[in-house]
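# A structural model of the following input is requested.
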Amino acid sequence: KDKIEKLSVSASTWNFENKLYLLQAEEQFSSRNFEMAEILYDAAIASSKMHKFVNEEALANELAGHFYLETGRTNRSAHYFSRAFEK
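Sure thing, here's the model as predicted:
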């Protein structure tokens, strides 16, 4: 994670931003900080979409789907899985 943060700042923000958000979302999810994880998953998806990283947008949607499924929000989970499948 630290290397991605450094690359995000020094090399190319647009290229690494979505990856950093996704790593942070997963970290917050595993720390049971669900509110922050939710924000970071959406940030990863938005950044991927803005910079046209289609595969990474799909991955972020899929991982967000798992997050919502694990936290008992199946309707929201289905929405994210559907968006991942569309990509």
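# Name the next helix or strand downstream of the helix or strand of the chain with the lowest mean pLDDT, please.
Using mean pLDDT, DSSP states H and E, helix 2-10 stands out as the lowest-scoring helix or strand of the chain, at a mean of 63. Next in sequence after helix 2-10, counting helices and strands by DSSP states H and E, comes helix 13-30.
# Buried residues of that following helix, list them for me.
Burial within helix 13-30, assessed by neighbour count using 16 or more other C-beta atoms under 10 Å, is assigned to 16-26, 28-29. In this view, the C-beta of every residue, glycine as well, is placed from N, C-alpha and C.
# Single out whichever of the residues you listed has the smallest pLDDT.
On pLDDT alone, Phe16 ranks lowest of those, at 85.
# what's the distance between that residue and Ser31?
Using C-beta to C-beta, to the nearest Å, one obtains 22 Å as the distance from Phe16 to Ser31.
# In JSON lines: the buried residues of helix 13-30, plus distance to Ile39.
Converted to JSON lines, these look like this (distance: C-beta to C-beta, whole Å):
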{"residue": "Phe16", "distance to Ile39": "18"}
{"residue": "Glu17", "distance to Ile39": "14"}
{"residue": "Asn18", "distance to Ile39": "14"}
{"residue": "Lys19", "distance to Ile39": "16"}
{"residue": "Leu20", "distance to Ile39": "13"}
{"residue": "Tyr21", "distance to Ile39": "9"}
{"residue": "Leu22", "distance to Ile39": "12"}
{"residue": "Leu23", "distance to Ile39": "14"}
{"residue": "Gln24", "distance to Ile39": "9"}
{"residue": "Ala25", "distance to Ile39": "8"}
{"residue": "Glu26", "distance to Ile39": "13"}
{"residue": "Gln28", "distance to Ile39": "8"}
{"residue": "Phe29", "distance to Ile39": "11"}
